[in-house]
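Novice: turn this into a model:
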Amino acid sequence: MRCPACLLSASLLACSLAEAKSAHPDSLDDGWKVGDAKALGWSTARFDEAERKIADGTWKGTTSLVVAHHGKLVYEGYFNGGSRDQLNDTRSLTKTITAMLVGAAIDRKLIPDGKAQVWPYFKDRPRPLHPDKRKQTISLEDLLTMSSLLECNDENQFSSGNEERMYVSEDWIGFVLDLPIKGFPPWESKPADSPYGRAFSYCTAGSFLLGAVVEKATHQRLDKFSAEVLETPLGINKVKWNFAPDGTAMGGGGTRFRSRDLAKLGELLRNEGQWNGKSVLARDWVRSMLSVHAQARDDADYGYQIWRFSFPHKGKQQPAWAMSGNGGNYVFIVPELELVSVITSKAYNQRFAHPQSQKIFSDIVLKALP
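Specialist: Okay, the predicted model is just below:
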């Protein structure tokens, strides 16, 4: 006779497995084509393994796994309370969308190009607290690549530009413009001595300022512009944006999307700006986004508001672009393999979150690939 605790444990595991809804994607009226993973040669046993490990708590907090290959959804699973209709809080993952919107504004000739200087868009603002001629030279590309000269580092609690300091101020735009120019202590590389000539420093405030530039250039709120140039063309009809106290849309992250819609954004980048045969973003801009412009860490490079990692695959290191956010949230994009994978997770501020989601991508998605 089995003990009550064992029966309870088995029951909870069964319930958790039952949460893995829609492992075989349904064909919906949302623009996605779907494919049968098994018939297409995928090792579906890998997906079964992922479901078991999420259900038994080996992998914690994962709420969805969606995979697209050759432009078709081949796997779609939801866990831990996640669902197809859930608007996922993916935090900084949506910084990449701000870079897309910069490109859309350039394509419409509302912004000259990525080299355009930032300060002229805010010439109506009061004189900054730390005036410096070098601020006048800061370009959109400096913000896109997290390599401006502003003293801003979210990974340093003592940084003047740490995002937590911005959130408790009323004027977020003024907060960024007022930041001092950063110094370079002996243990940090100056831009001239850094790979690609850029000294990377992760700065959410800079991403927010990018969105504010787009608002200035387009004369409309970022969420409205995004609905016009991205969401409507992709058939995305449910989104939740966040806003600064003055009403400026938060281009630094936190915009909420459903998992299938996140996969659309990844597919748009994978397919050089095309969605179902229509051009949504300029191909040259997408190519610029998915080009290495800075070395972020020893194990990661950076494009335009998007990371580049490498994973072992078939005896070599496979580069993969990644929209990434706190909690282990990812949209992985591998153009060479025509692959897009969404992993959403609510393991916020947990040290295991990012390694866990990267392991799911590496050990499940890449190893299941035909």
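Novice: give the contact list for residue 299.
Specialist: By Cβ atoms under 8 Å, 6 or more residues apart in numbering, the contact list for residue 299 reads 309-310. To be clear about C-beta, it is placed using only N, CA and C from the backbone, and glycine gets the same treatment.
Novice: what sits against residue 353?
Specialist: Listed by Cβ under 8 Å, 6+ apart, the contact set of residue 353 reads 61, 326-328, 345, 347.
Novice: can you give the contact residues for stretch 119-131?
Specialist: With contacts defined as Cβ under 8 Å, 6+ apart, stretch 119-131 is touched by 135-136, 138, 173-174, 177-181, 212-213, 216-217.
Novice: rerun at 7 Å
Specialist: 135-136, 138, 173-174, 177-180, 213, 216-217 (Cβ atoms under 7 Å, 6 or more residues apart in numbering).
Novice: leaving aside the residues adjacent along the chain, what's closest to residue 139?
Specialist: In space, and not counting its chain neighbours, residue 139 is closest to residue 115: 5.3 Å by Cβ to Cβ, 6 or more residues apart in numbering.
Novice: please enumerate the helices of the stretch 101-250 of the chain.
Specialist: Taking DSSP state H, counting those that start in this stretch as the test, the helices found in the stretch 101-250 of the chain are 140-144, 163-167, 172-177, 204-218, 222-226.
Novice: list the buried ones in the second one?
Specialist: If you call a residue buried by 16 or more other Cβ atoms under 10 Å, then helix 163-167 has these buried ones: 163, 165-166.
Novice: can you check the last one too?
Specialist: Under the neighbour-count criterion of 16+ other Cβ under 10 Å, helix 222-226 has 222-223, 225-226 buried.
Novice: now the two most distant members of these.
Specialist: 223 and 225 (7.4 Å; Cβ to Cβ).
Novice: any residues touching stretch 183-202, and which ones?
Specialist: By Cβ under 7 Å, 6+ apart, stretch 183-202 touches 145-147, 152-155, 292-296, 302.
Novice: kindly recompute the last result at 10 Å.
Specialist: 92, 95, 141-142, 145-156, 159, 161, 163, 182, 291-297, 300-302 (Cβ atoms under 10 Å, 6 or more residues apart in numbering).
Novice: of those, just the buried ones, PyMOL syntax please.
Specialist: To isolate the buried ones among the contacts of stretch 183-202 in PyMOL, judged by 16+ other Cβ under 10 Å, type:
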select buried, resi 92+95+141+142+145+146+147+148+149+150+151+152+153+154+159+161+163+182+293+294+295+296+301+302
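Novice: any common contacting residues for residue 223 and residue 225?
Specialist: 101, 211, 215, 231, 249.
Novice: from residue 24, how far off is the residue lying closest to residue 53 once chain neighbours are set aside?
Specialist: Nearest residue to residue 53 in three dimensions, chain neighbours excluded: residue 59, at 4.7 Å (Cβ to Cβ, 6+ apart). Going from residue 59 to residue 24 by Cβ to Cβ, to the nearest Å gives 21 Å.
Novice: so between these two, which is more surrounded?
Specialist: Neighbour count, other Cβ atoms under 10 Å: between residue 59 and residue 24, residue 59 has more, with 24 against 16.
Novice: sorry, back to before: rebuild the helices of the stretch 101-250 of the chain as TSV, extending it with distance to residue 51.
Specialist: Output for the helices of the stretch 101-250 of the chain, formatted as TSV (distance: least, Cβ to Cβ, whole Å):
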stretch	distance to residue 51
helix 140-144	37
helix 163-167	35
helix 172-177	41
helix 204-218	34
helix 222-226	33
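Novice: how about TSV for these, with distance to residue 70 and mean pLDDT added?
Specialist: TSV is the format used below for these (distance: least, Cβ to Cβ, whole Å; pLDDT from 0 to 100):
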stretch	distance to residue 70	mean pLDDT
helix 140-144	29	98
helix 163-167	38	98
helix 172-177	41	98
helix 204-218	32	98
helix 222-226	27	98
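Novice: of those helices, which is nearest residue 109?
Specialist: Of all those, it is helix 204-218 that lies closest to residue 109, at 9.9 Å by Cβ to Cβ.
Novice: packing partners of the closest one?
Specialist: Here helix 204-218 touches helix 95-107, helix 140-144, helix 163-167, helix 172-177, helix 222-226, going by 3 or more Cβ pairs under 10 Å, 6 or more residues apart in numbering; DSSP states H and E.
Novice: let's go with 6 Å and repeat that
Specialist: helix 95-107, helix 172-177, helix 222-226 (3 or more Cβ pairs under 6 Å, 6 or more residues apart in numbering; DSSP states H and E).
Novice: export those helices to TSV and append columns for distance to residue 54.
Specialist: Formatted as TSV, the helices and strands packed on helix 204-218 follow (distance: least, Cβ to Cβ, whole Å):
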stretch	distance to residue 54
helix 95-107	25
helix 172-177	37
helix 222-226	31
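Novice: tell me which of these sits most buried.
Specialist: For the helices and strands packed on helix 204-218, ranked by mean neighbour count under the definition mean count of other Cβ atoms under 10 Å, the leader is helix 95-107 at a mean of 25.
Novice: quick one: contacts for residue 356?
Specialist: Residues in contact with residue 356 (Cβ atoms under 6 Å, 6 or more residues apart in numbering) are 59, 328.
Novice: quick one: the strands in this structure, in order.
Specialist: Along the chain, the segments classed as strands by DSSP state E run 33-34, 62-69, 72-78, 274-275, 278-279, 294-297, 300-302, 307-313, 316-325, 329-334, 339-345.
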